[in-house]
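Trainee: This is the structure alone, sequence omitted:
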Ligand SMILES: Nc1ncnc2c1ncn2[C@@H]1O[C@H](COP(=O)(O)OP(=O)(O)OP(=O)(O)O)[C@@H](O)[C@H]1O
């Protein structure tokens with residue numbers, strides 16, 4: 001097992017006119033479970049295929065455990081890959097399909113049997129081990145494909161490209177927790193590609209968010225939720241996504257329309273650095289917008305336009321000068337007309353990248 005290091009790796013499918021993947025330097029640490037999350041077309045499969053060796057990047061070098069493997073085909077990399085749809089020998093039994101990657105590498109018979117049975121037990125395939133693969137439904141066939149990817153104990157990494165697409169939704173939950181269990185057992189480096197935030201957040205130790213061929217943030221699921229570093233992360237993770245309002249900084253005060261919403265505090269060092277005047281975007285998740293009886297800083301007053309009653313919570317919609325605002329609140333009465341909204345964990349973005357946070361204006365804090 002080994003770290004996978006990408007050194008300025010990028011890829012263009014059209015001779016450099018456009019980039020499917022912008023040059024990136026990045027390390028996937030040994031033994032971690034990653035989710036690679038992003039919308040359709042952002043470059044997830046391209047990145048995975050570069051790691052596995054199915055694709056040679058048009059720029060940069062790929063290192064596996066310190067060894068440069070850039071020009072080495074998949075067979076020489078010791079990496080297992082599971083695709084969106086089943087890849088199986090249909091005429092072989094489930095047992096033989098699972099055993100194939102091990103027999104191919106001349107594992108002793110007893111070890112083949114032990115690994116096949118362990119993986120079959122974990123994935124609920126014990127009862128169909130003797131059955132021909134083509135006789136299984138597509139969902140089960142995909143589980144066997146998953147098993148083939150996970151059966152070799154010595155692989156450097158297992159790459160999973162939207163592996164649960166064809167699986168019944170109810171079974172997806174079970175399989176995700178099985179995958180976690182298998183990961184705890186084998187400690188393979190797992191990279192799990194998905195465009196589904198729930199899948200990414202429930203599966204991974206670390207979520208890597210890709211947008212337009214570039215990594216915009218990575219971190220533990222809670223970190224991405226509580227502290228988005230990029231507007232896109234705020235939108236893409238969370239349901240509903242982060243509210244974003246057009247605002248401006250004037251002498252340290254963040255104004256939405258003409259109304260002060262709070263104090264601008266710059267992120268990072270040196271402490272006390274101020275943000276320059278000018279347009280900014282204010283982002284706050286619906287979970288951190290509270291409906292309060294009187295104005296409270298940081299926050300805004302806005303016109304309530306409607307309430308969605310969701311059962312476990314309410315979504316209160318309001319119109320502010322800088323855009324629309326949604327608050328996720330406890331069920332209960334919400335006044336019509338003007339509502340007062342207090343913000344916690346509100347951030348400031350410029351060019352989509354976070355530059356600061358919104359603090360209470362002096363004299364108006366509780
Ligand atoms: N073989 C190819 N030839 C030309 N362009 C390609 C090829 N494969 C992918 N692309 C383009 O490269 C970009 C990234 O595609 P990629 O398949 O890596 O994204 P993805 O995030 O995996 O998307 P999806 O979730 O839809 O599979 C897209 O604009 C896509 O159209």
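Mentor: Right, received. Where do you want to start? Nothing here was measured: the structure is a model prediction, and the numbers come from that model.

Trainee: hey, let's count contacts and neighbours off CA atoms from now on
Mentor: OK.

Trainee: The nearest residue to residue 186 once chain neighbours are set aside and residue 298: what is the separation?
Mentor: Of all residues beyond its chain neighbours, the one nearest residue 186 is residue 153 (6.6 Å), with distances taken as Cα to Cα, 6 or more residues apart in numbering. Going from residue 153 to residue 298 by Cα to Cα, to the nearest Å gives 53 Å.

Trainee: Show me which of these two is the more surrounded one.
Mentor: When neighbours are counted by other Cα atoms under 10 Å, residue 153 and residue 298 differ, and residue 298 comes out ahead with 23 against 15.

Trainee: pLDDT score assigned to the more buried one?
Mentor: If you check residue 298, the pLDDT there is 97.

Trainee: Pretty sure it sits against residue 261.
Mentor: Yes - under the contact definition of Cα atoms under 8 Å, residue 298 touches residue 261, with a separation of 5.5 Å.

Trainee: what residues are shared contacts of the two?
Mentor: Taking Cα atoms under 8 Å, 6 or more residues apart in numbering as the criterion, residue 298 and residue 261 both touch residue 361.

Trainee: what are the ranges of the helices in the stretch 51-200 of the chain?
Mentor: For the stretch 51-200 of the chain, applying DSSP state H, counting those that start in this stretch gives helices covering 94-104, 109-123, 138-150, 169-186, 197-203.

Trainee: and the direction of the third one versus that of helix 94-104, what angle?
Mentor: Counting by axes from the mean of the first three to the mean of the last three Cα atoms, to 10 degrees, helix 138-150 points 20 degrees away from the direction of helix 94-104.

Trainee: Which strand or helix spans the residue nearest to residue 293 when sequence neighbours are not counted?
Mentor: If the residues on either side of it in the chain are set aside, residue 293 comes closest to residue 340, at 6.5 Å by Cα to Cα, 6+ apart. The secondary structure element spanning residue 340 is strand 337-343 (assigned by DSSP states H and E).

Trainee: Looking at the residue of the stretch 101-250 of the chain found nearest the ligand now. What's its pLDDT?
Mentor: The nearest approach of the stretch 101-250 of the chain to the ligand comes at residue 195, 6.4 Å away (Cα to the nearest ligand atom). Listed pLDDT for residue 195 reads 88.

Trainee: contacting residues around it?
Mentor: For residue 195, the set of contacting residues under the criterion of Cα under 8 Å, 6+ apart consists of 37, 38, 39, 40, 162.

Trainee: Likewise for residue 329?
Mentor: By Cα under 8 Å, 6+ apart, the residues touching residue 329 are 287, 290, 291, 313, 314, 315, 316.

Trainee: ok, now which ones touch the third one?
Mentor: Yep, that's residue 291 we're talking about. Contacts were defined as Cα under 8 Å, 6+ apart; by that measure residue 291 touches 327, 329, 339, 340, 341, 342.

Trainee: can we see that at 6 Å?
Mentor: Residue 291 makes contact with 340, 341, according to Cα atoms under 6 Å, 6 or more residues apart in numbering.

Trainee: and the gap between residue 216 and residue 310?
Mentor: 32 Å.

Trainee: And residue 296, by the same measure?
Mentor: When residue 296 is compared with residue 310 (using Cα to Cα), they lie 26 Å apart.
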